[in-house]
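[1] let's see this in three dimensions:
(2 chains)
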2 protein chains.
Amino acid sequence: MMVPQKILLYLRFLGTNYCGWQVQPNGVSVQRRVQDAIEAVCGAREPLTGCSRTDAGVHANMFCCAFPTTANLPPERWIAALNAHLPADIAVFDCRAVPEDFHPRYSAAGKRYCYRIWNGSARSPFWEGRAHWVRGPLPEEQMNIAAAHFRGTHDFSAFTAAHSAVEDKIRTITDSRVFRRGDVITFSVTGSGFLYNMVRIMTGTLLDVAAGRIQPEDIPKIIAGRNRNNAGPTAPAQGLYLEEVYY
Amino acid sequence: MMVPQKILLYLRFLGTNYCGWQVQPNGVSVQRRVQDAIEAVCGAREPLTGCSRTDAGVHANMFCCAFPTTANLPPERWIAALNAHLPADIAVFDCRAVPEDFHPRYSAAGKRYCYRIWNGSARSPFWEGRAHWVRGPLPEEQMNIAAAHFRGTHDFSAFTAAHSAVEDKIRTITDSRVFRRGDVITFSVTGSGFLYNMVRIMTGTLLDVAAGRIQPEDIPKIIAGRNRNNAGPTAPAQGLYLEEVYY
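    Reported below is the predicted structural model:
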């Protein structure tokens, strides 16, 4: 009995060894690995749609992707079946059937990203490739005050790659905060959507605040100026995690 | 000016790629990597004494080792100098000069180990090689009640490898507890000293408690019986971390 259905997968992956989510001419993508696993399970190479592109080296504690299938496998059975064919740095942790018109990207109501900074005085073997190392002690309270200014609905043109082709650069940030746990500082930001490199540029700007190059109260002016040059540098990919996707 | 001094290093290492601390005929040891780095910095291959042996695959958030040197380098300068020559999975995070009779092992007043269990329903790419995966939800309160019975001064013969040659198997455990943070369960145990495989066998016993094969109140009887066969299995190395060394 061939019942066509659409399957939504919830993935975790360590992005270190991948060129990002999207299939690229050079480099191995997470998408390709998951398509390989689906093919190994059901024999068909299905189109696989992700909830976002992610850059090379970016990680995900939750990444959603969907594919159509005629395989007669209940959703919960896909988890173990796919994990048996996925490499150690990618895993499916949940799976459900979704309506045919469900789109992992356009159906998402919002997303939460985390950017992690290892703030120890020496590099950490445990955070290698998993956080951005900044050695001088960072003033997380100042960074948190600055981060709060990202909240609200704004044109975030200053916080995206200058060459970005997206026309509408207005996004709504519902939460934005910085906190420390031991030597790890986390910038957590939740929003309706994000522009290309937006979280990494926000992080670079918060690091400029930490260094005293920008004052927390300058953030509204930087947003209003809509000029990429006024924001901080793009922080390295390795600290970025797609943390949650909300449907 | 050659001032002989003894240098104590504080290391972190991810043990996945090593045969343990100790130099072995087969396999690369952490000790060898650190000796190589010392040699690269000061030109001499110095004897390097560790605070304990660790098994293959075991990690350390704090591991102490000491070596004599005539190199005229202030202690704080060793940190960056050695880290430049160490691989990504080993790092020095602190360093100090110690008296000549200081011994990293015999001068230690105690140690704390943590054993980490990934308790998610699917394997986690982030804990691969860094925790032991147990998929069924574990009753951490029961495990914590059992763990508390390890506290005190006991003959821990039941909790060491049967072939262990050490004569005195009496050790004092000052703290022993189990707690959960999200899907990660940690067994933290502090003591004056530990027998070979002791923490891994304690963990295997706590997992037997979780599975209902042992009741928490059976632990005192298992200790008193001094028979390795009554304790649980030896939990895998990859979940074990030397967490702190106290001097």
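
[2] can you map out the helices along chain A?
    Listed in chain order, the helices found in chain A under DSSP state H are A:30-42, A:75-83, A:140-148, A:198-210, A:219-225.

[3] which residues of chain A lie near chain B?
    Residues of chain A that fall close to chain B, judged by CB under 8 Å from any CB of the partner chain: A:12-14, A:59, A:61, A:79-80, A:83, A:88-94, A:120-126, A:128, A:130. From N, CA and C alone the C-beta is placed, and that goes for glycine too.

[4] buried subset of those residues?
    Buried members of those, counted by 16 or more other CB atoms under 10 Å in any protein chain shown: A:12-14, A:59, A:61, A:79, A:83, A:89-94, A:120, A:122-126, A:128, A:130.

[5] CA atoms only: put the lowest-mean-pLDDT helix or strand in chain A into CSV for me.
    Least confident element among the helices and strands of chain A, by mean pLDDT, DSSP states H and E: helix A:75-83 (a mean of 93). Presented in CSV, the C-alpha positions along helix A:75-83 are these (Å, rounded to 0.1, in the frame of the first residue of the first chain):
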residue,chain,number,x,y,z
PRO,A,75,7.0,8.6,11.0
GLU,A,76,8.6,7.3,14.3
ARG,A,77,10.3,4.5,12.4
TRP,A,78,12.2,6.9,10.2
ILE,A,79,14.3,8.2,13.2
ALA,A,80,16.3,5.0,13.9
ALA,A,81,16.3,4.0,10.2
LEU,A,82,17.9,7.2,9.1
ASN,A,83,20.3,7.4,12.0
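
[6] and it, what other elements does it pack with?
    Applying 3 or more CB pairs under 8 Å, 6 or more residues apart in numbering or on different chains; DSSP states H and E, we find helix A:75-83 packed against strand A:5-13, helix A:30-42, strand A:90-98.

[7] switch to 7 Å and redo it
    Counting by 3 or more CB pairs under 7 Å, 6 or more residues apart in numbering or on different chains; DSSP states H and E, the packing neighbours recorded for helix A:75-83 are helix A:30-42, strand A:90-98.

[8] can I get those in TSV with mean pLDDT?
    As requested, these are exported to TSV (pLDDT from 0 to 100):
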stretch	mean pLDDT
helix A:30-42	96
strand A:90-98	96
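
[9] in CSV: these, plus distance to B:Ala158.
    Converted to CSV, the helices and strands packed on helix A:75-83 look like this (distance: least, CB to CB, whole Å):
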stretch, distance to B:Ala158
helix A:30-42, 44
strand A:90-98, 36
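
[10] can you list the low-confidence ranges for chain A?
    Where chain A drops to pLDDT under 70, the residues are A:1-3, A:164.

[11] contact partners for A:Glu243?
    A:61-62, A:112-114 (CB atoms under 7 Å, 6 or more residues apart in numbering or on different chains).

[12] most neighbours among the residues you listed, please name it.
    Sorting those by how many neighbours each has (other CB atoms under 10 Å in any protein chain shown) puts A:Tyr113 first, at 25 neighbours.

[13] so A:Tyr18 touches A:Val30, yeah?
    Yes: between A:Tyr18 and A:Val30 there is a contact under CB atoms under 7 Å: 5.0 Å.

[14] quick check on those two: which one has the bigger neighbour count.
    A:Val30 (29 against 26).

[15] can you mark which positions in stretch A:126-135 are buried?
    Going by 16+ other CB under 10 Å, stretch A:126-135 has these buried residues: A:126-128, A:130-134.

[16] and the end-to-end length of that stretch?
    By CA to CA, to the nearest Å, the extent of stretch A:126-135 from end to end equals 15 Å.

[17] then stretch A:221-238?
    Stretch A:221-238: ends 28 Å apart by CA to CA.

[18] and it, which residues are buried?
    A:222-223, A:228, A:230-232, A:234-238.

[19] now, the most widely separated pair of those?
    Maximum pairwise distance among the buried residues of stretch A:221-238 (CB to CB): 26.1 Å, between A:Ile223 and A:Gln238.

[20] rewinding a little: looking at the helices of chain A, which is buried most?
    Highest mean neighbour count among those (mean count of other CB atoms under 10 Å in any protein chain shown): helix A:198-210, with a mean of 25.

[21] closest to A:Ala148 among the buried residues of stretch A:221-238?
    Distance to A:Ala148, by CB to CB, is smallest for A:Ile223 among the buried residues of stretch A:221-238, at 12.5 Å.

[22] and that closest one, what does it touch?
    Going by CB under 7 Å, 6+ apart, A:Ile223 touches A:154, A:156, A:158.

[23] and if you look at A:Leu9?
    Residues in contact with A:Leu9 (CB under 7 Å, 6+ apart) are A:64-65, A:92, A:95.

[24] try 6 Å
    Residues in contact with A:Leu9 (CB atoms under 6 Å, 6 or more residues apart in numbering or on different chains) are A:65, A:92, A:95.

[25] reformat those as TSV; add distance to B:Ile7.
    Listed next are these as TSV, based on distance: CB to CB, whole Å:
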residue	distance to B:Ile7
A:Cys65	51
A:Val92	48
A:Cys95	53
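
[26] A:Ala108: how many residues sit nearby?
    Neighbour number of A:Ala108 under other CB under 10 Å is 16.

[27] my guess is it contacts A:Leu242, does it?
    No: A:Ala108 is not in contact with A:Leu242 according to CB atoms under 6 Å; the separation is 10.9 Å.

[28] one step back: right, and the helices of chain A - which one's nearest B:His103?
    Counting by CB to CB, B:His103 lies closest to helix A:140-148 out of those; the figure is 38.8 Å.

[29] the closest one - contacts with which helices or strands?
    With contacts taken as 3 or more CB pairs under 6 Å, 6 or more residues apart in numbering or on different chains; DSSP states H and E, helix A:140-148 sits against strand A:170-181, helix A:198-210.

[30] right, I'll leave it there.
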